[in-house]
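S.K.: Can you look at this prediction? I've put the sequence above it.
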Amino acid sequence: MTSSSRVRRVLRVRGVVQGVGFRPFVHTLATTLGLAGWVCNDDEGVLIEVEGASEVVDEFGLRLRRLSPPMAHITSVEAASGTCTGDIEFSIVRSVAGGSTAHGAIASLPPDLAVCSDCLREMFDPCDRRYRHPFITCTNCGPRFTIALGLPYDRARTTMAAFEMCAACAREYHDPTDRRFHAQPVACHECGPRLELIDRGGERLHTGEGALRATQRLLVDGAIVAVKGIGGYHLMCDATNPLAVATLRARKRRGGKPLAVMVADLEVLAGVTVPSAAEVAALLGPQRPILLLRRDGRGSLQPAWPISVAGDAADVGVMLPYAPVHHLLFDGLATRVLVCTSGNLADEPIVTDDDEAFERLGAIADAWLRHDRVIHRPCDDSVVRVVGHTAGPVVSRAVSDPDAADRTLVRRSRGWAPLPVELGNWHGEELPGVLAMGGDLKNVVAVAAGRSSWLSQHLGDLGELATYRAVRRAAEQLLSLTRVSPTLVAIDAHPAYLSARLGREIAGDLGVPVVAVQHHHAHIVSVLAEAGRAATSANHDPVIGFVFDGTGFGPDGTIWGGEVLVADAAHAERVAHLAAVPLPGGDAAIEQPARAALAHLWAAGCAWDQRLPCVSWFAEPERAVVRVQLERRLATVPTSSMGRLFDAVAALAGVRQVVEFEAQAAIELEAVADPDADGSYGFAFADRDGSIDAGPVIRDVVRDVLAGEPAGVVSTRFHRAVTAMVLDTARRARRARRLHTVVLTGGVFQNVLLMQGCAASLEADGFEVLRNRLVPTNDGGLALGQAVVAGTVFAHLPAMRKD
């Protein structure tokens, strides 16, 4: 080879390229091609210098993208010429760490992934040295996000640094031909974490294999065991034991809220449901989420456990084992289905610390199966639903995910956090560093900078001090992980939100301004950000955004929730909305759908007929108080909430008068819908102020209920009415504004029947329909929209910037 044909090329690779076996892949590729040079991790991703014949170096660049590891996701590769050094070998060199920047570290840490099939095969092979090892892992699976202390991702920056590798593990770690080459969590029975089982008195009962076998005996005997997994503790019990399930509900203060279950395999679902191909793919995917499956529930072969764990709910939350310890627990266990719910009390964050777990779960668990690997970040299970209609184009900018078309995330956490959402081509614009605090329910915080946004794991509802502290800690950890130095903090515009108060505290500590973002505007922009359409310089037309949820503070001081906004990332105009109805008792009306029903009856001019279930549910004195509240506007809150309208119809139809958890009435109203029912109801439109009157719908519902129509018929007709209203309103906006893209978002659109109906009718009428795919449509996606709105406004208002 002549010196003139030899070249050296510097390649900067960005994306999810750390913790996924990318450096070992690069090493193998380079040595296979006979190239010299080196590769390392740094703050921006992976840096490569490769030297050899020009045409071979070109081939290396092509294969780098085409053959990258399955869990890697390359967002960009930048190439530059280097100076040939005459290197004769290719090596992995020490990672390079830097400091905070305005736009943060471009490198992205991968999420925790389920144990792979190769590791499972080894774990159950009596001849393998990791036979029945509860922490088996390799470059393709296992914990990443929950054990990483920071970037670059190396063992010294993980909680595995406390475990010194034995000679055998060290040989694998340094062997370029081994599957565990540079696998940071690598360990074995000799050098890895240890299991132990302790009782309520804190006494160690068993360790290792003995702890597993004793835990199995406890579960079969009806005990509740706190099991430490990858992202925190689960509370587990035998789902086929009604007494054990009832005890868990009582101790956890769970009420009637459905419990998730972990099943040994898909055969357990026989008689419960027949999952579709897309649902099976979601269950078996590397994220291993909780999947909401619609119960068949009518057949004689239906087992008893779905009733015990899910009650009357139409769906049951199911997941497959994802940690090695889960597979080991099921091996030889008499029951094939376990309740697997977050290790916490109601509304508190999931527990990760061993001492804290023993204290906080002491009134719930009978025993604790735990290990000594520290969980640096709590990470609850993700929750997913598969929908039949795949509204709009699939734009999956966080990971290569072909199943995203059929999937909607209800909770984005383990398996997805902290993957970035790429914000698309901003035509030269870049967001400043933003910390967004999300909302008070289903809290998730986000950091955005440049053209990317990183979302935290699911953190819960801010009703408890422990959650408040957890949100602050998660915000600090996310800033540290991304190395973003924020120039502003985005909060919800609701003046009483705890998340907003916390955001103001953090902004004060950092000395940066606060930008309040209207709740429903943030919802719409979360969809635009996912689709790469948030850049104001890209000449994207505004969209017609339908945002249906329970509660959001409006600029007029009322509670919004049935909104139609014409919006882009910088502006939002309210063009239509449900007509406001006074809500008696504020939060009491959320807990008692019957109150919302009385309010809607009063607003529609309907008599409070005792034959209506929501009327007869009240004692006369309490009805009289509610009537005075409505007539005199005492202790009432005006609201345009679609969520409260769903509650009202559920109460009128006799589905539910009081709820034990958020959206229970609306969920059950959807569940009882009769697909064979005919007819529909109709809303009334007032063009002068854009209000949409639900009064005609309420009057039709009353007529049907008094005529003896079943709840299933009422539900179907109501869903059709909302679907028709959405189409009619979109047509009006199209005529007036010449807009053709519709966004459907907000917690009410978790209703599959509504989402499918609206998307199908809109697309049939020529609209492009966008919905959330990478983040939840509920408030779990709010922070993404907040970050982009606040960053866009800040970038276009220089007066906000500090000198």
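M.R.: Received it, and whenever you're ready, just let me know what you need.
S.K.: I'd like the mean pLDDT over the longest helix seen in the chain, please.
M.R.: Of all segments of type helix in the chain, defined using DSSP state H, the longest is helix 711-737. Averaging pLDDT along helix 711-737 gives 97.
S.K.: Same check on stretch 747-767?
M.R.: Stretch 747-767 comes out at a mean pLDDT of 96.
S.K.: how about the helices in the stretch 51-200 of the chain?
M.R.: 54-66, 117-123, 167-173 (DSSP state H, counting those that start in this stretch).
S.K.: export these to TSV and tack on mean neighbour count?
M.R.: Bear in mind the C-beta positions are built from the backbone N, C-alpha and C, glycine included. Below are the helices of the stretch 51-200 of the chain laid out as TSV (neighbours: other C-beta atoms under 10 Å):
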stretch	mean neighbour count
helix 54-66	15
helix 117-123	16
helix 167-173	14
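S.K.: any chance of the ones you listed in JSON lines, plus distance to Ala730 and mean pLDDT?
M.R.: What follows is these, written out as JSON lines (distance: least, C-beta to C-beta, whole Å; pLDDT from 0 to 100):
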{"stretch": "helix 54-66", "distance to Ala730": "40", "mean pLDDT": "95"}
{"stretch": "helix 117-123", "distance to Ala730": "46", "mean pLDDT": "98"}
{"stretch": "helix 167-173", "distance to Ala730": "57", "mean pLDDT": "97"}
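S.K.: To Val421, which of those helices lies closest?
M.R.: Smallest distance to Val421 across the helices of the stretch 51-200 of the chain (C-beta to C-beta): 21.0 Å, for helix 54-66.
S.K.: And the contacts of the closest one?
M.R.: Contact with helix 54-66 is made by 5-7, 9, 11, 13, 26, 29-30, 33-35, 50-52, 74, 77, 79, as judged by C-beta atoms under 8 Å, 6 or more residues apart in numbering.
S.K.: how does it look with 7 Å?
M.R.: For helix 54-66, contacts defined as C-beta atoms under 7 Å, 6 or more residues apart in numbering pick out 5, 7, 9, 11, 29-30, 33-35, 50, 74, 77, 79.
S.K.: What segments of the stretch 451-600 of the chain are helices?
M.R.: 465-482, 498-510, 519-530, 587-591, 593-603.
S.K.: ok, for Cys606, nearest residue in space, not its chain neighbours?
M.R.: With sequence-adjacent residues excluded and distances taken as C-beta to C-beta, 6 or more residues apart in numbering, Cys606 is closest to Val702, at 5.3 Å.
S.K.: Run a quick check on that neighbour versus Trp608, I expect a contact.
M.R.: No: applying C-beta atoms under 7 Å, one finds Val702 not in contact with Trp608, separated by 10.2 Å.
S.K.: When these two are compared, which one has more neighbours?
M.R.: Val702 (21 against 16; other C-beta atoms under 10 Å).
S.K.: any idea which element the more buried one lies in?
M.R.: Element membership for Val702 (DSSP states H and E) is helix 695-706.
S.K.: Which other helices and strands does that helix contact?
M.R.: helix 593-603, helix 642-652, helix 711-737 (3 or more C-beta pairs under 7 Å, 6 or more residues apart in numbering; DSSP states H and E).
S.K.: Which neighbouring elements make contact with the longest one?
M.R.: Right, the one you point to is helix 711-737. Short answer (3+ C-beta pairs under 7 Å, 6+ apart): helix 711-737 packs on strand 543-553, strand 559-567, helix 695-706, helix 752-764.
S.K.: and the first one, which strands flank it?
M.R.: When pairing is defined by DSSP bridges, strand 543-553 lines up against strand 559-567 (antiparallel), strand 741-745 (parallel).
S.K.: Which of those strands sits closest to Phe767?
M.R.: Among the strands paired with strand 543-553, strand 741-745 sits nearest to Phe767 (C-beta to C-beta), with 4.8 Å.
S.K.: And the strands in the stretch 301-450 of the chain, which stretches?
M.R.: 315-319, 337-342, 367-371, 383-386, 407-411, 420-422, 431-436, 446-450 (DSSP state E, counting those that start in this stretch).
S.K.: Which one of those strands lies nearest to Ala183?
M.R.: strand 367-371 (18.2 Å).
S.K.: Pull up the pairing partners for the closest one, direction included.
M.R.: Here, using DSSP bridges, strand 367-371 pairs with strand 195-199 (antiparallel), strand 225-228 (parallel).
S.K.: ok now the shortest one, how far from the chain's centre?
M.R.: Using C-alpha atoms, centre = their mean, to the nearest Å, the distance from the centre of strand 225-228 to the centre of the chain it belongs to is 23 Å.
S.K.: now stretch 471-482
M.R.: Worked out by C-alpha atoms, centre = their mean, stretch 471-482 lies 17 Å from the chain centre.
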